[in-house]
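# I'll drop the sequence and a predicted model, then ask my questions.
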Amino acid sequence: MTLLIFLHGKGGNKDAQADFVSDLAQKYDAELVSLNAPYKSTIHEGGFYWFEKDEIDGQRKVRMMEWYCSLVMALSAVVTLMREKGIGAKDVILCGHSQGGLIALYCGLKLGVKEVITLNSDIPDELLEDIEANDKVKIKWVQGAKDTFLDEKRKESYKNLPKNLDFEYIISPNSTHSRLNKEILDLL
């Protein structure tokens, strides 16, 4: 049995991208579970987020307490699901969109899951030192070519990952930041 765990982006919820994620689970012949981030959005009704950023000295910086709390919550949820399903980490695929992709990456590397799929994610500089270099985890980093939400620096932040990771960079020519389409499924 393979378990696909989806982590939504900022302002979304566990039902975000439901059609895409359902098709992805079917492609991987996996059971699907989607998780909500721990913090309720004050901007998007019914939405949640993993962490916020604050403007500090002209730069946007991650609220580290929220980051670590979200990471612990997500790790705990994934481990609990593995125990409930009676499976090991090598039977888990973590998939996340935007902020959820970053959380999926960190959790996947920490737990040694089978695969991590990030969708239109980026890695803030202040979080790079927390990356666990686990070369046993397959990482598929998908970037929508029509993503206008992330600037070029953020789109290329994957280049700061440790070089020894099992890493594949995939460009989806017609995907935007929030539009995850069949084209991505075909590329994975």
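Here it is on my side, so go on. Residues are numbered from 1 along each chain as shown.
# which ones are touching the closest residue in space to Cys69 that isn't next to it in sequence?
Nearest non-adjacent residue to Cys69, counting by Cβ to Cβ, 6 or more residues apart in numbering: Pro38, 6.5 Å away. From N, CA and C alone the C-beta is placed, and that goes for glycine too. By Cβ atoms under 8 Å, 6 or more residues apart in numbering, Pro38 lies in contact with 48, 50, 69-70, 73.
# for Pro38, give its distance to Pro173.
Distance, Pro38 to Pro173, using Cβ to Cβ, to the nearest Å: 34 Å.
# how about the helices in this structure?
Residue ranges of the helices in the chain, as given by DSSP state H, are 18-27, 64-85, 99-111, 152-155, 182-187.
# distance check, Ile131 against Lys163.
12 Å.
# and if you look at Lys153?
Distance from Lys153 to Lys163, by Cβ to Cβ: 19 Å.
# centre-most residue in this protein?
The chain has Gly101 as the residue nearest its centroid, 1.3 Å off, counting by Cα atoms, centre = their mean.
# I figured it hits Leu119, correct?
Yes. Applying Cβ atoms under 8 Å as the test, Gly101 and Leu119 come out as touching, 5.5 Å apart.
# shared neighbours of these two, which are they?
Joint contacts of Gly101 and Leu119 (Cβ under 8 Å, 6+ apart) are Cys95.
# skipping adjacent residues, who's closest to Ala145 in space?
Pro173 (4.8 Å).
# I figured the one you found hits Glu183, correct?
Yes. Taking Cβ under 8 Å as the contact criterion, Pro173 and Glu183 are neighbours in contact, 7.0 Å apart.
# so between these two, which is more surrounded?
Glu183 (15 against 9; other Cβ atoms under 10 Å).
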